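In: I need the structure of the sequence given here:
(chains A and B, ligands or ions: 2)
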Amino acid sequence: MTDPTPARVQETAAPPYRPSAHPPAVSAARARTFGSWYYAEHVLRSMNSYRWTLLASSVGTPVLYLFAMGVGLATLVDRTAAGAFGGVGYLAFLAPALLASATIMTAATEFTYPVMDGFKWRRVYYGPHASPLSTDQIVNGHIIAITARLTATTIIYFLIVAAFGASPSAAGAAAIPVAVLSGLAFGLPLMAYSAGVEEDKGQFALVMRFVVTPMFLFSGTFFPLDTLPVFLRWIGWISPLWHGTELGRALTYGYDVPAWLAVVHVLFLLVLAVIGWRRARTVYARRLGR
Amino acid sequence: MSTTPSGPPVISAQQLSKHYGDFRAVDGISFDVPAGESFGLLGPNGAGKSTTMRMIGGVSQRTSGRLTIMGLDPEEHGPEVRAHLGVVPQQDNLDEELRVRDNLLVYGRYFGLPMSYLRPKADELLEFAQLTDKATAKVDALSGGMKRRLTIARSLINEPKILLLDEPTTGLDPQARHILWDRLFRLKESGVTLILTTHYMDEAEQLCDRLVVVDKGRIMAEGSPAQLIRDHSTREVLELRFGSERNTTVAAELQGIGERLEPLPDRVLIYADDGEAALEQVTSRGLRPITSLVRRSSLEDVFLRLTGRSLVD
Ligand SMILES: Nc1ncnc2c1ncn2[C@@H]1O[C@H](COP(=O)(O)OP(=O)(O)OP(=O)(O)O)[C@@H](O)[C@H]1O
Ligand SMILES: [Mg+2]
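Out: Ligands and ions are numbered 1, 2, ... in the order given. Have a look, this model is predicted:
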């Protein structure tokens, strides 16, 4: 039987010009190389559809916090407890913690409900899953897109911190990647967890209430960790927020962190992120491939 | 049959099985689909059609058996296999946060297709799906049938040579169904291989060169629609209605007429090669049905016969 399809590639323009799709082998090769970016592009496009909400909250949150803390709390604290925070004002002490926790909280939302949406509610993952993309690329692409979103929010946050004069050191901007890394260190293990949730029976709300909130309160955010009783300090040690905050303080106001400890902070965050990422790939492959 | 198989099969399954725990959703089915054929899977709810489709589509891992698409094992060459396919899953999975046209563009990007190709292609497909005036609407705002049409349009974005259609016309109005049938027919003419599941027997008769009837994960029968009717049913069927009270009781008095008798809640079916003759026998026994109808046997009769009187939606 002869192939009834007309000749495909027609560079010598036979009007009207109707380009045809490239062959499957090309699709597969491109997907193997760029697939993660293709999916990231998709997620960013759908985030783009609510960009104004995102922008408003990215600006609104830091302004609100810094105003309340800077004008209210910090004035009071500085008057009564000057010198308790390593020689800087309370706002400078607080700002890197707020920066990291804002990123972590955004990560906590982005790596829970949207993941559930992908598997269950709107089943967004199943579209790309039927295309040449692999499950690993779906995971990677989603992570890339969320990382881009976290970076954008964190940059805005940092600019507002700087505008409040709460990042005196020249190296301050380096707190941005540190905060994003903290977000991933918390977010990626959470992503792996979310991917295993078959039905939302309020697990995510519990995570927010019993993981995120205590972490926010007890990670040396509002006061140095060593003012906590010893039996509560472990919360800080295992919290990506504490590690991210300590690094952030070193960068924004020169808080004195020994080099070895700085390395430990970075390694801790990296290891958490990598473990979460690898675990997420396994869980995604299992769930999508059923 | 209209197409004569040539060359190696595009899809080949041998003893293909899929178990969920102890449950055998697909239990050792084998078939080959040559290029350009239009191949249908029929079967009652839960027969294992979608599970089979997902394995062919390279998105679900089989428990055992062999499966190749274009000579490739989807579990080893997933991207290469899926790059050949256009897929309409049973359940839509559009991105409802994106606009209608963007759903097509984004999907085309997964195949690495350039925007210069995708933009005109998306417009052409929107035209085909009669969604041109909804191009910039959010998918949220579409009706169920419109979403279905968009999913079908999306499956064609990469100009696939193999199309997997899992109940493509469920939820479509009659007009949209006919437009789709026409399109599928033309794709078939241009050499596209179609794999189709449906609960509409007229659709299967119109579109499929060859069918398998699947029940409980196994193939019950295989052949062209005409051949299946010949093998599993009589030439004609006499439908009698005696009123819902009497259908079953009267069945006893009808014994011996035609080849086979099938009492249903709302009517009695008599399978016979000559329906009029069977009707004369009925009246000669002094039975007076409220209505009687002689019709040709259809695929539906085959389906009901092979899969038992299970309820099919
Ligand atoms: N992920 C799963 N886990 C457990 N069982 C499953 C899963 N997916 C499908 N099944 C079971 O496998 C069987 C076959 O399902 P499948 O979806 O293939 O049926 P189908 O023939 O497509 O039916 P329908 O006509 O209703 O679409 C069903 O009994 C179903 O409950
Ligand atoms: Mg099905």
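In: OK, now which residue of chain B is nearest to ligand 2?
Out: Closest residue of chain B to ligand 2, CB to the ion: residue B:50 (3.1 Å). Using the backbone N, CA and C atoms, a C-beta is placed for each residue, glycine as well.
In: next structured bit after the strand or helix carrying residue B:81?
Out: Assigned by DSSP states H and E, residue B:81 belongs to helix B:78-83. Heading C-terminal from helix B:78-83, the first helix or strand you meet, by DSSP H and E, is strand B:85-88.
In: tally of neighbours for residue B:255?
Out: 7 (other CB atoms under 10 Å in any protein chain shown).
In: how close does it sit to residue B:168?
Out: Distance of residue B:255 to residue B:168, computed by CB to CB, to the nearest Å: 42 Å.
In: what of residue B:114?
Out: Taking CB to CB, one finds residue B:114 at 28 Å from residue B:168.
In: ok, residue B:47 next?
Out: Taking CB to CB, one finds residue B:47 at 17 Å from residue B:168.
In: higher neighbour count, the two?
Out: The neighbour comparison of residue B:47 against residue B:168 (other CB under 10 Å) goes to residue B:168, with 27 against 24.
In: pLDDT value on the closest residue to residue B:289 other than its chain neighbours, please?
Out: In space, not counting the residues next to it along the chain, residue B:289 is nearest to residue B:240; the distance is 4.1 Å by CB to CB, 6 or more residues apart in numbering or on different chains. As predicted, residue B:240 sits at a pLDDT of 92.
In: which helices and strands does the helix or strand harbouring residue B:240 pack with?
Out: Residue B:240 belongs to strand B:236-241 when assigned by DSSP H and E. For strand B:236-241, the contact count by 3 or more CB pairs under 8 Å, 6 or more residues apart in numbering or on different chains; DSSP states H and E identifies strand B:268-272, helix B:275-284, strand B:291-296 as packing neighbours.
In: for the residue in the stretch 151-290 of chain A that ligand 2 sits nearest to, which three-state class applies?
Out: Nearest residue of the stretch 151-290 of chain A to ligand 2, counting by CB to the ion: residue A:290, 14.3 Å away. Assigned by DSSP: H, G, I helix; E, B strand; the rest coil, the conformation of residue A:290 is coil.
In: what is the burial count for it?
Out: Neighbours of residue A:290 (other CB under 10 Å): 11.
In: need the nearest residue in space to it, chain neighbours excluded.
Out: Nearest to residue A:290 is residue B:60, by CB to CB, 6+ apart, at 6.3 Å.
In: quick check, pLDDT for that neighbour.
Out: So residue B:60 comes in at 95 (pLDDT).
In: what do you get for residue A:61?
Out: Looking at residue A:61, the pLDDT reads 88.
In: do the one 4 residues further on as well
Out: With respect to pLDDT, residue A:65 scores 87.
In: wasn't it part of a helix?
Out: Yes. Checked against three-state DSSP, residue A:65 lies within a helix.
In: surely it meets residue A:98?
Out: Yes. Counting by CB atoms under 8 Å, residue A:65 does reach residue A:98; the two are 5.5 Å apart.
In: between the two, which has more neighbouring residues?
Out: Shown here are residue A:65 and residue A:98; by other CB under 10 Å, residue A:98 has more neighbours (24 against 20).
In: list the contacts for the more buried one?
Out: Going by CB atoms under 8 Å, 6 or more residues apart in numbering or on different chains, residue A:98 touches A:62, A:65, A:66, A:69, A:157, A:161, A:221.
In: so which of those residues sit within strands?
Out: Per DSSP state E, strands hold no members of those.
In: filter these down to just the ones in helices.
Out: Those of the contacts of residue A:98 mapping onto helices are A:62, A:65, A:66, A:157, A:161, per DSSP state H.
In: the nearest residue to the last one once chain neighbours are set aside: neighbouring residues, count only.
Out: It refers to residue A:161. Of all residues not flanking residue A:161 in the chain, residue A:95 sits nearest, at 4.7 Å (CB to CB, 6+ apart). Burial of residue A:95 is recorded as 35 neighbouring residues (other CB under 10 Å).
In: give the residue spans of the stretch 51-200 of chain A that score low on pLDDT.
Out: A:82-83 (pLDDT under 70).
In: nearest to chain A: which residue in chain B?
Out: In chain B, the residue that lies nearest chain A is residue B:112 (2.7 Å; CB to the nearest CB).
In: send the alpha carbons of the helix or strand containing residue B:151 over as PDB?
Out: Assessed by DSSP H and E, residue B:151 sits inside helix B:144-155. Extracted C-alpha coordinates of helix B:144-155, given in PDB (Å, rounded to 0.1, in the frame of the first residue of the first chain):
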ATOM      1  CA  GLY B 144     -18.700  19.900  29.100                       C
ATOM      2  CA  GLY B 145     -19.100  19.100  25.400                       C
ATOM      3  CA  MET B 146     -16.900  22.100  24.500                       C
ATOM      4  CA  LYS B 147     -14.200  20.900  26.800                       C
ATOM      5  CA  ARG B 148     -14.400  17.500  25.100                       C
ATOM      6  CA  ARG B 149     -14.000  19.100  21.700                       C
ATOM      7  CA  LEU B 150     -11.000  21.100  23.000                       C
ATOM      8  CA  THR B 151      -9.400  17.900  24.200                       C
ATOM      9  CA  ILE B 152     -10.000  16.300  20.800                       C
ATOM     10  CA  ALA B 153      -8.500  19.300  19.100                       C
ATOM     11  CA  ARG B 154      -5.500  19.200  21.500                       C
ATOM     12  CA  SER B 155      -4.800  15.600  20.500                       C
END
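In: next, the buried residues of that helix.
Out: Neighbour counts over helix B:144-155 (16 or more other CB atoms under 10 Å in any protein chain shown) mark B:146, B:147, B:148, B:149, B:150, B:151, B:152, B:153, B:154, B:155 as buried.
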